[in-house]
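Here you go, sequence then predicted model.
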Amino acid sequence: MTVTKMKAAVQVAEMCSNKDRNKVILGLSGGVDSTAAALILQKQGYKVIGLYFNVLGGYCLNSEKNIAEGRRKAESAAQQLGIELVYKDMSDEFDKTVISNFCSEYMAGRTPNPCIMCNPEIKFRALTETADELGAYHIATGHYAGTFYEAETGRWFIRRSDNKAKDQSYMLYRLTQEQISRLLLPLEAYADKEEVRRIARKAGIDNSENKDSQEICFIDPDDNYLDFLVRKGCTAPEGDFLDSEGRVIGRHKGICSYTIGQRKGLGIALGRPAFVSRIEPGKNAVIIGDNEDLFSYTVKSTGNILCKRERHVKAKIRYAAKPAEAVLSYGDDGMVTAIFAEAQRAPAPGQSIVFYHGDLVVGGGFISI
């Protein structure tokens, strides 16, 4: 372990030495996953305190209704669990960090993943701060993932869940060492969502049959991201659709309306399947190509978080993708180049590429090319 790592480890240990290791602050949304996580932790003997935080601002459609409904669900779950619930309004911080990035990325022709930004900067920061305030050592969530401590390097890692279909380790790759070291993930070993529902059902919790939450928490089901961007003052000018040879083949509605691999909603008819293969913000152009144009063996990333500099890894270029074999090279400028054994379809700038060595998350960054 380097001197820097040793100092960091000592600082974390000193800070947490007076914390109650039997007390855990759990992110409680009121959904079945976080509720089941609370039940598991209680069964393991932990004193669980729920944390519910609001991120919805006035720019969100139906925000007042959704804020009230979200809080009601969390309070109902906490009451049935018999635990204390702490409420925090994080909407201002969320707007400055996550929404700001969401808007600027789309305006730059990139495709953001707001959960990737929210987890370290908002959700897990709120959990650790609340834990510090209440004297708790541990934090917890209902994510399908695990943690692992490697004594040789003195580092903590996020680990893939046993439930590979629900695994959420991809979403947690940017967590800090302190956050991971204090994190409990009770759902790691549950390979079937039905098992999790049975835990809540057996305890008589009302939310045991609730559907999974929507992908983007601040976009109302009656809303869409383009209208949301307009309400935030983000509008992009129209421009040209170009084919792979640079010829104009139509007009687009603004680069924020498109993402790599998109086929529907293009508004052009070429007599064959057409896909967004590239977006060029400098030219205000959207490049249209065939499905074959979407595949690439090479994916580059910036803003990388690296727990280990492995060369041979498996990597995912989006949450729903399967990990695929790749070889990594590391540039002096912080860029990481992944060369895949099999071409990957539609790597989208702004999305994350996450690197795995075995079941451990060893790093990741934002796709640039």
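Yep, that arrived.

A274 is in contact with G267, isn't it?
No - A274 lies out of contact with G267 (CB atoms under 8 Å); the separation is 10.5 Å. For the C-beta atoms, the positions are set from N, CA and C on the backbone; glycine is no exception.

So the two - more neighbours on which side?
Relative neighbour count places A274 above the other of A274 and G267, with 20 against 11, counting by other CB atoms under 10 Å.

Let me see the contact set for the more buried one.
R263, L266, I268, I288, G289, D290 (CB atoms under 8 Å, 6 or more residues apart in numbering).

same question, V336
With the criterion set at CB under 8 Å, 6+ apart, V336 makes contact with K300, S301, N304, L306, L328, S329, Y330, F355, G363, G365.

how close does the third one sit to A315?
With distances taken as CB to CB, to the nearest Å, N304 is found 12 Å from A315.

How about the first one?
Relative to A315, K300 is positioned 12 Å away (CB to CB).

between the two, what contacts are shared?
Residues touching both K300 and A315 (CB under 8 Å, 6+ apart): A338.

higher neighbour count, those two?
Counted by other CB under 10 Å, K300 and A315 do not tie: A315 has more neighbours, with 25 against 19.

The more buried one in helix, strand or coil?
strand (DSSP: H, G, I helix; E, B strand; the rest coil).

Next: E178.
helix.

pretty sure it contacts T128?
Yes - the pair E178 / T128 is scored as a contact, 6.7 Å apart, by CB under 8 Å.

who wins for most neighbours among the contacts of A274?
Of all the contacts of A274, I288 has the most neighbours under the rule other CB under 10 Å, reaching 23 neighbours.

In three-state terms, how would that one be classified?
Of the three states, I288 takes strand according to three-state DSSP.

Next one: it relative to D212, how far apart?
Counting by CB to CB, the gap from I288 to D212 is 34 Å.

How much space separates the nearest residue to D222 once chain neighbours are set aside from N119?
Nearest non-adjacent residue to D222, counting by CB to CB, 6 or more residues apart in numbering: L61, 6.2 Å away. Separation of L61 from N119 (CB to CB): 24 Å.

now do V196
20 Å.

More neighbours: which of these two?
A count of neighbours by other CB under 10 Å puts V196 above the other of V196 and N119, at 24 against 21.

is it true that G261 touches I279?
No - assessed by CB under 8 Å, G261 is found out of contact with I279, at 11.1 Å.

of the two, who's got more company?
Legend: neighbour count by other CB under 10 Å for G261 and I279, higher for I279 (24 against 16).

List the contacts of that one.
Contacts of I279 (CB under 8 Å, 6+ apart): G109, R110, I255, Y258, I260, A285, V286, I287, P349.

Could you give the bridge partners of it?
Following DSSP bridges, I279 is listed with bridge partners V286.

Quickly note the distance from it to R272.
Taking CB to CB as the measure, I279 falls 21 Å from R272.

what does the helix ranked longest in the chain rub up against?
Counting residues, the longest helix found in the chain (DSSP state H) is helix 63-81. Contact with helix 63-81 is made by 28-31, 34-35, 38-39, 42, 48, 50, 52, 54, 56-57, 60, 84-85, 87, 203-207, 220, as judged by CB under 8 Å, 6+ apart.

what about the closest residue to S181 other than its chain neighbours, which helix or strand?
Closest residue to S181 apart from its sequence neighbours, by CB to CB, 6+ apart: W156 at 4.9 Å. For W156, the enclosing helix or strand under DSSP states H and E is strand 155-160.

now that strand, how far from the chain's geometric center?
16 Å (CA atoms, centre = their mean, to the nearest Å).

same deal with stretch 63-76?
Per CA atoms, centre = their mean, the displacement of stretch 63-76 from the mean C-alpha position of its chain is 22 Å.

OK, contacts around P120?
Listed by CB under 8 Å, 6+ apart, the contact set of P120 reads R174, L175, T176, Q179.

Could you report the neighbour count for F228?
21.

And it, how far from Y87?
25 Å.

And for T235?
For T235, the distance to Y87 equals 35 Å [CB to CB].

cool, L39 as well?
21 Å.

Who has more neighbours out of those two?
L39 (19 against 13).

can I assume that one sits in a helix?
Yes - assessed with three-state DSSP, L39 lies in a helix.

That one reaches R198, doesn't it?
No - L39 lies out of contact with R198 (CB under 8 Å); the separation is 10.7 Å.

which non-adjacent residue is nearest T235?
Excluding the flanking residues, the one nearest T235 by CB to CB, 6+ apart is G254, at 6.8 Å.

for G350, same thing?
R110 (3.1 Å).

Could you tell me how many residues sit around that neighbour?
Around R110 there are 22 other residues, counting by other CB under 10 Å.

Can you read off the backbone torsions of it?
phi -110, psi 170 (degrees, to the nearest 10).

same thing with G358?
phi 70, psi -130.

Distance-wise, check it relative to K314.
Applying CB to CB to G358 and K314 gives a distance of 9 Å.

Neighbour count for those two, which is higher?
With neighbours defined as other CB under 10 Å, G358 and K314 compare such that K314 has more, 19 against 12.

nearest residue to the more buried one other than its sequence neighbours?
Counting by CB to CB, 6+ apart, the residue nearest K314 is P323, at 3.6 Å.
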